[in-house]
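**Q** How does the following fold in three dimensions:
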Amino acid sequence: MRHGEVHNPEGVLYGRLPGYHLSELGRAMADRVAEHLAGHDVTHVVASPLERAQETAAPIAKAHGLDIATDDRLIEAENTFEGKTFGVGDGALRRPANWKYLVNPFRPSWGEPYADQAARMLAALAAARDAARGHEAVCVSHQLPVWIVRSFVERRRLWHDPRRRQCTLASLTTFTYEGDRIVSVGYTEPALDLVPAHLHAGAARSKGDGQGKAFGA
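**A** Residues are numbered from 1 along each chain as shown. Reported below is the predicted structural model:
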């Protein structure tokens, strides 16, 4: 599961910074997904160590009488521009100091390599699968790592247009295993009616982001 909306009035790319919590809407999104998963055979809930992921996992874990495990491999991608405003139309691309970080969008040169994200996320999913073998696990993560591991599993190129990510706030990307092999990938948006229209899948321009079965996001 991708976490819910975050309280971020300054519009910074918060990345791995501590202190960024779910907004009131984000908590409502987390509750909605907990309701959606209430009838599922969930025996393991694990989250990124960041507050927004832990808070998103809380109602799901509570609904199933589980504790939340923490896996650092589910954390947000590292980004050079963390703590700054860096988005379309804000002039960041015209600042010479930023140019050295923008030379290779295929790696990418401004942060954690896509291949590294895919590797750690696959390892986290495998650990969740093992913890819930024969049942279901919920892994709460962040938009970019979820999209990257999905792209890797579906054999798409890892570099991409961020506006084309199908990974809306509080969405579920589902990896179904037969034994140790992923056999299918699904995608659902249980809290879609709560998500602002401009942040729906395929239209996201996220600041700050920046799943037996395992749900990831």
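**Q** quick one: the most centrally placed residue in the chain from residue 148, how far?
**A** In the chain, the residue lying closest to the centroid (C-alpha atoms, centre = their mean) is residue 142, at 2.0 Å. Noted for residue 142: a distance of 10 Å to residue 148, by C-beta to C-beta, to the nearest Å. Quick note: C-beta positions are derived from backbone N, CA and C, even for glycine.
**Q** Residue 11 now?
**A** For residue 11, the distance to residue 148 equals 23 Å [C-beta to C-beta].
**Q** Neighbour count: the two, which is higher?
**A** Neighbour totals were compared for residue 11 and residue 148, and residue 148 leads with 28 against 12 (other C-beta atoms under 10 Å).
**Q** just to confirm, which helix or strand has that one in it?
**A** Taking DSSP states H and E as the definition, residue 148 sits inside helix 143-153.
**Q** wait, is residue 32 part of a helix?
**A** Yes: Residue 32 forms part of a helix when assessed by DSSP: H, G, I helix; E, B strand; the rest coil.
**Q** so it makes contact with residue 190?
**A** Yes: under the criterion of C-beta atoms under 8 Å, residue 32 makes contact with residue 190 at 5.7 Å.
**Q** Mutual contacts of the two, please.
**A** residue 170 (C-beta atoms under 8 Å, 6 or more residues apart in numbering).
**Q** re earlier: now list whatever residues contact both of residue 142 and residue 148.
**A** Here residue 142 and residue 148 share the contacting residues residue 77, scored by C-beta under 8 Å, 6+ apart.
**Q** Doesn't residue 176 lie inside a strand?
**A** Yes: per three-state DSSP, residue 176 lies within a strand segment.
**Q** Which secondary structure state does the residue nearest to it when sequence neighbours are not counted sit in?
**A** Sequence neighbours aside, residue 184 is the residue nearest to residue 176 in space, at 4.6 Å (criterion: C-beta to C-beta, 6 or more residues apart in numbering). Look at residue 184: counting by three-state DSSP, its state is strand.
**Q** rewinding a little: packing partners of the helix holding residue 148?
**A** In terms of contacts (3 or more C-beta pairs under 8 Å, 6 or more residues apart in numbering; DSSP states H and E), helix 143-153 is packed against helix 114-131, strand 172-178, strand 181-188, strand 213-216.
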